[in-house]
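Colleague: Provide a 3D model corresponding to the input given below.
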Amino acid sequence: MTNLQKQVPTKIIGIYLVIFFLWWSFYELSGFQLFATPFPQALSGSLIKFATWTVPAFLLMKKYHDSLYVPFDKIFTNKFRVAPYILITFLMISYIILGEWVEHGSLQFSNSFNATDLIGVFLFVGITEEMVFRGWLLNALLLKTTTIPAVLISSVLFLCIHFPIWVKTGSFIQNFASGGFINVLILSIIFSVTFLKSKNILVPIVIHMLWDLALLIF
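Modeller: Residues are numbered from 1 along each chain as shown. Sure thing, here's the model as predicted:
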């Protein structure tokens, strides 16, 4: 980074974060649902999240395309070596499988898995969360500070966006007492590093999606 490098104004990032966190906290805690049946609700909820997470992040990335660590016109097209990311994904999924094996003494598939989860968790979560926290926020922060603070700030923000659903489900204290919040921070750091190294947002998106799929299955 040089002093001449254009940066996203701190005011813009601050206003975005306030609106974003207030909106999502209100939405999650309100329990708002368009439909009562599982499939339509999963689809509508995912579309609402896509519209209020991904679309604004996409538009901001486009508006400030020349003020990002990875310019908007390259963030989907930068070439990268596939092998390291296949290995990372393999190790992450192996961690889930090993954890299940240690806990249960055998590999068991989730009894709660259902097709609607593929929409609400697998198809949309990786896209929406990576576009916001890596494609937009981390991408903007990397030109405002050095790498480690940028990654840590974006990871803490990524952790904080989980608070509303933890409060709603009554698992807030449990996630901190059990150390579950540490897993969220570590995951965010891993997603951030894969974005930094590949300079392509599709890498953390795909890894995030596969991680969520493995959690659904096991």
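
Colleague: Tell me how far the residue sitting nearest the centre point of the chain lies from residue 207.
Modeller: The chain has residue 129 as the residue nearest its centroid, 3.1 Å off, counting by CA atoms, centre = their mean. Applying CB to CB, to the nearest Å, one obtains 12 Å for the distance of residue 129 from residue 207. C-beta: built from backbone N, CA, C; applies to glycine.

Colleague: I'd like the average pLDDT over the helix or strand encompassing the residue nearest to the centre of the chain.
Modeller: Using DSSP states H and E, residue 129 sits within helix 125-130. Averaging pLDDT along helix 125-130 gives 96.

Colleague: which helices and strands sit right next to it?
Modeller: Under the contact criterion of 3 or more CB pairs under 8 Å, 6 or more residues apart in numbering; DSSP states H and E, helix 125-130 touches helix 202-217.

Colleague: Okay, buried residues for the helix it packs on please.
Modeller: In terms of neighbour count (16 or more other CB atoms under 10 Å), helix 202-217 has its buried residues at 202-214, 216.

Colleague: would you turn those residues into JSON lines with pLDDT?
Modeller: As requested, the buried residues of helix 202-217 are arranged in JSON lines below (pLDDT from 0 to 100):
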{"residue": "202", "pLDDT": "98"}
{"residue": "203", "pLDDT": "98"}
{"residue": "204", "pLDDT": "98"}
{"residue": "205", "pLDDT": "97"}
{"residue": "206", "pLDDT": "97"}
{"residue": "207", "pLDDT": "97"}
{"residue": "208", "pLDDT": "97"}
{"residue": "209", "pLDDT": "95"}
{"residue": "210", "pLDDT": "95"}
{"residue": "211", "pLDDT": "96"}
{"residue": "212", "pLDDT": "93"}
{"residue": "213", "pLDDT": "91"}
{"residue": "214", "pLDDT": "91"}
{"residue": "216", "pLDDT": "88"}
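
Colleague: of all these, which comes closest to residue 96?
Modeller: Nearest to residue 96 among the buried residues of helix 202-217 is residue 214, at 4.8 Å by CB to CB.

Colleague: so the closest one makes contact with residue 94?
Modeller: No: taking CB atoms under 8 Å as the definition, residue 214 is not a contact partner of residue 94, at 9.4 Å.

Colleague: all strands of this structure, in order?
Modeller: Using DSSP state E, no strands are assigned anywhere in the chain.

Colleague: Just the endpoints, please. Distance across stretch 135-145?
Modeller: 16 Å (CA to CA, to the nearest Å).

Colleague: Going by neighbour count, which residues in it are buried?
Modeller: For stretch 135-145, the neighbour count (16+ other CB under 10 Å) marks 135, 136, 137, 138, 139, 140, 141, 142, 143, 144 as buried.

Colleague: Out of the residues you listed, which is nearest to residue 169?
Modeller: For the buried residues of stretch 135-145, the residue nearest residue 169 by CB to CB is residue 137; the value is 24.8 Å.

Colleague: Helix or strand with the lowest mean pLDDT in the protein?
Modeller: Per-element confidence for the chain was summarised using mean pLDDT, DSSP states H and E. The lowest value among helices and strands belongs to helix 115-117, with a mean of 78.
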